[in-house]
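> quick one, fold the following:
(2 chains)
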Amino acid sequence: AQSVAQPEDQVNVAEGNPLTVKCTYSVSGNPYLFWYVQYPNRGLQFLLKYITGDNLVKGSYGFEAEFNKSQTSFHLKKPSALVSDSALYFCAVRDETSNTGKLIFGQGTTLQVKP
Amino acid sequence: NAGVMQNPRHLVRRRGQEARLRCSPMKGHSHVYWYRQLPEEGLKFMVYLQKENIIDESGMPKERFSAEFPKEGPSILRIQQVVRGDSAAYFCASSPDREETQYFGPGTRLLVL
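Now for the predicted structure:
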């Protein structure tokens, strides 16, 4: 079965420091991977996606993610965290078994950036 | 280009009542997905629709839940005879094609008393 795991419920970093939010996946074929961010009482905002090509994907708000096939990971990164980055982050993979484009989400990781 | 619109943003129902959640996709998007987010959990797929067709409803409970996406107007997720366990945030996402990125609405937060 296809799945996504976010091993950390919460990540704490100091403003200005680099941040990493981890994601690992399990799929039967080539993965289509996504990161979304959710601010309190808001919908999900698309950050970036990996379909094919370069393993380092750049997205919105200075975020990037590195696709690592051997480790089946797609960690989200940012070189210098901002307090305003504090939010709930979701990793997702497209379900390729159904051919409908539906997404399978991880449990989410709360990022807390302290000033 | 307006984003995905959902209304109402908050909905309170008593047990046994009906809940109707509406979703207007982004302009030019004909593919709609509904997801449910239970408290302290990630999003779970419920149903995928194209105009006038339900394509995949494998994530939607067989009883009390239904969805439609008519030729004209928004997509509707309908929950009949709500129970406390239906309390959740319901998100709609749209895309121009099932291969394309899904963009999410702000969600409807349903509270069943």
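
> for B:I79, list each beta-bridge partner.
Counting by DSSP bridges, B:I79 is bridged to B:A19, B:F65.

> over to B:S94?
On the basis of DSSP bridges, B:S94 is bridged to B:V32, B:Y103.

> same question, A:Q45
Beta-bridge partners for A:Q45, by DSSP bridges, are A:V37.

> what's around it, how many residues?
Using other Cβ atoms under 10 Å in any protein chain shown, A:Q45 has 16 neighbouring residues. Every residue, glycine included, has its C-beta placed from N, CA and C.

> likewise for A:E15?
Counted with other Cβ under 10 Å, A:E15 comes out at 14.

> list phi and psi for it.
Dihedral pair for A:E15: phi -50, psi 140, per degrees, to the nearest 10.

> need the three-state assignment for the residue of chain B found nearest chain A.
Distances between chain B and chain A by Cβ to the nearest Cβ are smallest at B:R98, namely 3.2 Å. Here B:R98 is coil, with the state taken from DSSP: H, G, I helix; E, B strand; the rest coil.

> nearest spatial neighbour of it, chain-adjacent residues omitted?
A:G101 (3.2 Å; Cβ to Cβ, 6 or more residues apart in numbering or on different chains).

> quick one, what contacts B:D86?
If a contact means Cβ atoms under 8 Å, 6 or more residues apart in numbering or on different chains, then B:D86 has B:A19, B:I79, B:L110, B:V112 as its contacts.

> how close does it get to B:R78?
Per Cβ to Cβ, to the nearest Å, B:D86 is found 12 Å from B:R78.

> between those two, which contacts overlap?
Shared contacts of B:D86 and B:R78, defined by Cβ under 8 Å, 6+ apart, are found at B:A19.

> in contact with B:Y90, which residues?
Contacts of B:Y90 by Cβ under 8 Å, 6+ apart are B:Q6, B:L21, B:W34, B:Y35, B:R36, B:Q37, B:M46, B:L77, B:G107, B:T108, B:R109, B:L110.

> do that again at 10 Å, thanks
Applying Cβ atoms under 10 Å, 6 or more residues apart in numbering or on different chains, one finds that B:Y90 lies in contact with B:6, B:11, B:19, B:21, B:23, B:34-37, B:43, B:46, B:77, B:79, B:105, B:107-110.

> what about it, which SS state?
strand.

> is it in a bridge, and if so with what?
Per DSSP bridges, the residues bridged to B:Y90 are B:R36, B:T108.

> could you list the contact residues of chain A toward chain B?
For chain A, the residues in contact with chain B (Cβ under 10 Å from any Cβ of the partner chain) are A:4, A:6, A:9, A:32, A:34, A:36, A:38, A:41-46, A:48-49, A:51, A:88, A:90-92, A:94-95, A:98-108.

> show me which of those residues are buried.
A:4, A:6, A:32, A:34, A:36, A:38, A:43-46, A:48-49, A:88, A:90-92, A:94-95, A:100-108 (16 or more other Cβ atoms under 10 Å in any protein chain shown).

> how far away is the residue nearest to B:R98 from A:S73?
Between A:G101 and A:S73 the computed distance is 23 Å (Cβ to Cβ).

> check A:L47 too.
Taking Cβ to Cβ, one finds A:L47 at 16 Å from A:S73.

> who's more crowded, the two?
Shown here are A:L47 and A:S73; by other Cβ under 10 Å, A:L47 has more neighbours (20 against 17).

> closest point of chain A to chain B, which residue?
Chain B sits closest to A:G101 of chain A, with a gap of 3.2 Å, by Cβ to the nearest Cβ.
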